[in-house]
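Engineer: Sequence first, predicted model second:
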Amino acid sequence: MLALLHGLLQVYLDVKLEGKALGRIVVQLFPDVTVGSARFRDLSIGKEGVGYRLARFDGIFPTYIRCEGATTLSYSATGDSPIAGGASLEALERELEVQSRSHQGPGLVSLVVRDPVERPTQEKLVARNGQLVTMVIEAGGLAANGTTFTITRMPESSLDRTNLIVGQAGGQVLQNSPVRGKVLCKISIKMWS
């Protein structure tokens, strides 16, 4: 759900744990982070089906919680992404380079633009157009695509070099969220537009 309050855009994330409503996270987006905030808004409303609907919080750590983000950036036949910034991370990288905010307190919402560690690569033999070719792929899951987001629970400076801060969050879910270490916590986000 979207709302405009004092000229600032707010996004509402209704959160459930195992089918039971936990409450609502209210995110006020920062207007000066133009591409990042627009991207988060597009993902929140599920623009052309690309978004956070049924996304899970895949990490609840002492200093922040992390939502897995979208696994695909387009459902169109052309492959063009409808979300702000498209499939490229270039615009988000530029905003990250000039970011003046830092993860100095609770409730900061940020998009993961860079992987925190370099991923190992491996070669794989695949068939393409009737020929065998060697592809180099990254190991260890999906690379950052600018849709995974975090919400700080307390200061976490290690996120400053990898995450673009796009807004400030509040709501009873953040105040009551349990710390479960690195255990997967399956929480779905239901978006209303």
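Structural biologist: Looks like it came in fine. Residues are numbered from 1 along each chain as shown.
Engineer: now for the top helix by length along the chain, which elements pack on it?
Structural biologist: In the chain, taking DSSP state H as the definition, the longest helix is helix 34-45. Applying 3 or more C-beta pairs under 8 Å, 6 or more residues apart in numbering; DSSP states H and E, one finds that helix 34-45 contacts strand 2-5, strand 8-17, strand 20-29, helix 90-97, strand 108-112, strand 163-170. (C-beta placed from N, C-alpha, C; glycine too.)
Engineer: where are the low-confidence patches of this protein?
Structural biologist: 1-8, 116-122, 136-144, 172-193 (pLDDT under 70).
Engineer: Could you rerun that using 50?
Structural biologist: 1-6, 179-188, 190-193 (pLDDT under 50).
Engineer: first to last residue in stretch 73-81, what's the distance?
Structural biologist: 5 Å (C-alpha to C-alpha, to the nearest Å).
Engineer: One more: stretch 78-94?
Structural biologist: For stretch 78-94, the end-to-end distance is 26 Å (C-alpha to C-alpha).
Engineer: That one: which residues count as buried?
Structural biologist: 81, 82, 83, 84, 85, 86, 89, 91, 92 (16 or more other C-beta atoms under 10 Å).
Engineer: Buried deepest among the helices and strands packed on helix 34-45, which one?
Structural biologist: strand 108-112 (a mean of 26; mean count of other C-beta atoms under 10 Å).
Engineer: Can I get it in PDB, CA atoms only?
Structural biologist: Provided in PDB are the C-alpha atoms of strand 108-112 (Å, rounded to 0.1, in the frame of the first residue of the first chain):
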ATOM      1  CA  LEU A 108      17.000   2.200   8.300                       C
ATOM      2  CA  VAL A 109      15.800   0.400   5.100                       C
ATOM      3  CA  SER A 110      18.400  -0.300   2.500                       C
ATOM      4  CA  LEU A 111      18.700  -2.200  -0.800                       C
ATOM      5  CA  VAL A 112      21.600  -4.600  -1.200                       C
END
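Engineer: Which SSE is immediately downstream of that strand?
Structural biologist: strand 121-128 (DSSP states H and E).
Engineer: Tell me the helices and strands packed up against that following strand.
Structural biologist: Partner elements for strand 121-128 (3+ C-beta pairs under 8 Å, 6+ apart): strand 131-138.
Engineer: after the strand it packs on comes which helix or strand?
Structural biologist: strand 149-152.
Engineer: Tell me the neighbouring strands of that next one, and mark each as parallel or antiparallel.
Structural biologist: Here strand 149-152 is paired, per DSSP bridges, with strand 64-67 (antiparallel), strand 108-112 (antiparallel).
Engineer: Cheers, nothing more for now.
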